[in-house]
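>>> Would you be able to build a 3D model of this:
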Amino acid sequence: MRLSRPEGSFVLRPDATNHFFAGDETAAIAFGAMAALLENARVSGCVETAMEADRLPLDHGDRLDWLVRGDTPLPAAVRRLAASPMSQGKHGRCKR
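Numbering: from 1, shown residues only. Prediction:
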């Protein structure tokens, strides 16, 4: 996995086995793609916001780990989550 600035195009594959999202609140457009996923889709990821009150109302947002900026750096949270393999619809948890 490589973290970098935004580049290229975003393509959602509804038939994918797992869907992973990571970013801060400025990635709201990309996170909006979660609305196209089925209810039983396996979704995981980390979203960083300035404060808890800034959490975005996202479809499947309850399956994401929400970080408050300054607590755990987003790259570290993503590495921790990526190291926890998904199994039976559950996923690893980042520090909140």
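
>>> and the helix or strand of the chain with the lowest mean pLDDT, which residues are buried?
Least confident element among the helices and strands of the chain, by mean pLDDT, DSSP states H and E: helix 28-31 (a mean of 81). Within helix 28-31, the residues that count as buried by 16 or more other Cβ atoms under 10 Å are Phe31. Bear in mind the C-beta positions are built from the backbone N, C-alpha and C, glycine included.

>>> Give me the contacts around it.
Here helix 28-31 makes contact (Cβ atoms under 8 Å, 6 or more residues apart in numbering) with 10, 21, 23, 47, 56, 58.

>>> which one among those residues gets closest to Met34?
Closest to Met34 out of the contacts of helix 28-31 is Leu58 (5.7 Å), distances taken as Cβ to Cβ.

>>> my guess is that closest one meets Met34, correct?
Yes: look at Leu58 against Met34 with Cβ atoms under 8 Å: they come within range, at 5.7 Å.

>>> Name all residues that make contact with Leu37.
Neighbours of Leu37 in contact, by Cβ under 8 Å, 6+ apart: 12, 14, 19, 43, 59-60.

>>> Among these, the buried ones, what's the PyMOL command?
Those of the contacts of Leu37 that count as buried under 16+ other Cβ under 10 Å are selected in PyMOL with:
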select buried, resi 19+43+59+60
